[in-house]
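Undergrad: Sequence first, predicted model second:
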Amino acid sequence: MLSGDDGQFSFANVLPGTFQIAITAAGFAAQTSSGTLHSGETYNAPPTALALASVNTEVQVTVSPAEVAEEQVKVQEKQRVLGVVPNFYVSYVPNAAPLTAKLKFKLALRTMIDPVTFALAGVGAGVQQANNDFSGYGQGATGYAKRFGASYADTATSAFIGSALLPSLLKQDPRYFYKGTGSVGSRMLYAIANSVICKGDNQSWQLNYSAILGGLASGGISNLYYPAKDRGAALVFENTAIGTGTTVVLNLFQEFVVRKLTPHVANHDPAQP
């Protein structure tokens, strides 16, 4: 029954007995009333005032994967072994959001310009000079400067190509994902395997083409600045093999030692409450 403009309504020929009246109107909460109609009775329903209907609003706040990754990288950039040595390329969040190309280049640049990177290149150059490695560089300040430049260039090209350029093109993640659980043997195998495999941006494990090709490319570029007698394919493959072996050792240290020596390691995903 549709009421009139004044809200009046009526029903005729209603059978005696119990009844229920339901009143509804758009934008208002429904009201019901009930009673008993006796034979021959005319029932006058009491006035009913409808209240405004309550409105339920659901708001979903979501964060894009790129924003999550950026927050996680901010934490990684604070990771330093003993508070000094950069430990940027390790994620202690196993399901960390994939890095955007911008973040991959940001981490590479952050590593390349870090004072510790220059210091390590200086130490390496000093050891090479003491052993007279790459003798074509000579000795003295000039020889040291050439060794320092070559050592730093190796690090820079490896970081730029193997950790930024190729991972961006091949959709691969250059980070080491800390395992931290399981038996010692399983963690050792995991660390060793991660020298040749990596996570893709799609979160699946795959052959680390970025690191392998990056090592070869960096080795090839090194032929431009190493002494003539040390150049050639042997230098390329030697540097690649050394790089892979170094990665194995570093991964083992990451899995069993480094976390204990690294302040500012998040105990939870920084992108989550």
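TA: Here it is on my side, so go on.

Undergrad: what's the burial count for Asn208?
TA: 27 (other Cβ atoms under 10 Å). Glycine gets a C-beta too; all of them are placed from N, C-alpha and C.

Undergrad: Just confirm it contacts Val196, I think it does.
TA: Yes - Asn208 is within contact range of Val196, at 5.6 Å (criterion: Cβ atoms under 8 Å).

Undergrad: Leaving out chain neighbours, which residue sits closest to Ile161?
TA: Gly214 (4.4 Å; Cβ to Cβ, 6 or more residues apart in numbering).

Undergrad: where's the one you found, which helix or strand?
TA: helix 209-222 (DSSP states H and E).

Undergrad: Now do the helices in the protein.
TA: Ranges of helices in the chain, per DSSP state H, are 65-76, 101-112, 115-131, 140-157, 166-170, 184-193, 209-222, 233-256.

Undergrad: Serialize those helices to JSON lines and add fields for mean pLDDT, mean neighbour count and distance to Glu41.
TA: Formatted as JSON lines, the helices of the chain follow (pLDDT from 0 to 100; neighbours: other Cβ atoms under 10 Å; distance: least, Cβ to Cβ, whole Å):
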{"stretch": "helix 65-76", "mean pLDDT": "92", "mean neighbour count": "17", "distance to Glu41": "69"}
{"stretch": "helix 101-112", "mean pLDDT": "95", "mean neighbour count": "19", "distance to Glu41": "79"}
{"stretch": "helix 115-131", "mean pLDDT": "95", "mean neighbour count": "15", "distance to Glu41": "95"}
{"stretch": "helix 140-157", "mean pLDDT": "94", "mean neighbour count": "17", "distance to Glu41": "98"}
{"stretch": "helix 166-170", "mean pLDDT": "96", "mean neighbour count": "19", "distance to Glu41": "84"}
{"stretch": "helix 184-193", "mean pLDDT": "95", "mean neighbour count": "15", "distance to Glu41": "84"}
{"stretch": "helix 209-222", "mean pLDDT": "88", "mean neighbour count": "21", "distance to Glu41": "88"}
{"stretch": "helix 233-256", "mean pLDDT": "84", "mean neighbour count": "16", "distance to Glu41": "87"}
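
Undergrad: Would you convert the ones you listed into CSV that also reports distance to Gly40?
TA: CSV is the format used below for these (distance: least, Cβ to Cβ, whole Å):
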stretch, distance to Gly40
helix 65-76, 74
helix 101-112, 84
helix 115-131, 100
helix 140-157, 102
helix 166-170, 88
helix 184-193, 88
helix 209-222, 92
helix 233-256, 91
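
Undergrad: mind checking which of these is nearest Asp5?
TA: Ranking the helices of the chain by their distance to Asp5 (criterion: Cβ to Cβ) puts helix 65-76 first, at 54.4 Å.

Undergrad: What helices and strands are in contact with that closest one?
TA: Helices and strands touching helix 65-76, by 3 or more Cβ pairs under 8 Å, 6 or more residues apart in numbering; DSSP states H and E, are strand 90-91, helix 101-112.

Undergrad: Summarise which helices and strands the longest one is packed against.
TA: By that I understand helix 101-112. On a contact count with 3+ Cβ pairs under 8 Å, 6+ apart, helix 101-112 meets helix 65-76, helix 140-157, helix 166-170.

Undergrad: which residues are contacting that helix?
TA: The contact list for helix 101-112 (Cβ atoms under 8 Å, 6 or more residues apart in numbering) reads 69-70, 73, 76-77, 86, 88-89, 99, 117, 155-156, 159-160, 163-164, 167-168, 174.

Undergrad: Now do the same contact list for Ala25.
TA: The contact partners of Ala25, by Cβ under 8 Å, 6+ apart, come to Leu50.

Undergrad: how about it, phi and psi?
TA: phi -150, psi 140 (degrees, to the nearest 10).

Undergrad: which one in the chain is furthest away from the centre?
TA: Relative to the C-alpha centroid of the chain, counting by Cα atoms, centre = their mean, Gly40 is the outermost residue, at 77.9 Å.

Undergrad: Pull up the gap between it and Pro16, please.
TA: Separation of Gly40 from Pro16 (Cβ to Cβ, to the nearest Å): 8 Å.

Undergrad: wouldn't Phe177 be in contact with Tyr89 here?
TA: No - with contact defined as Cβ under 8 Å, Phe177 and Tyr89 do not form a contacting pair (10.3 Å).
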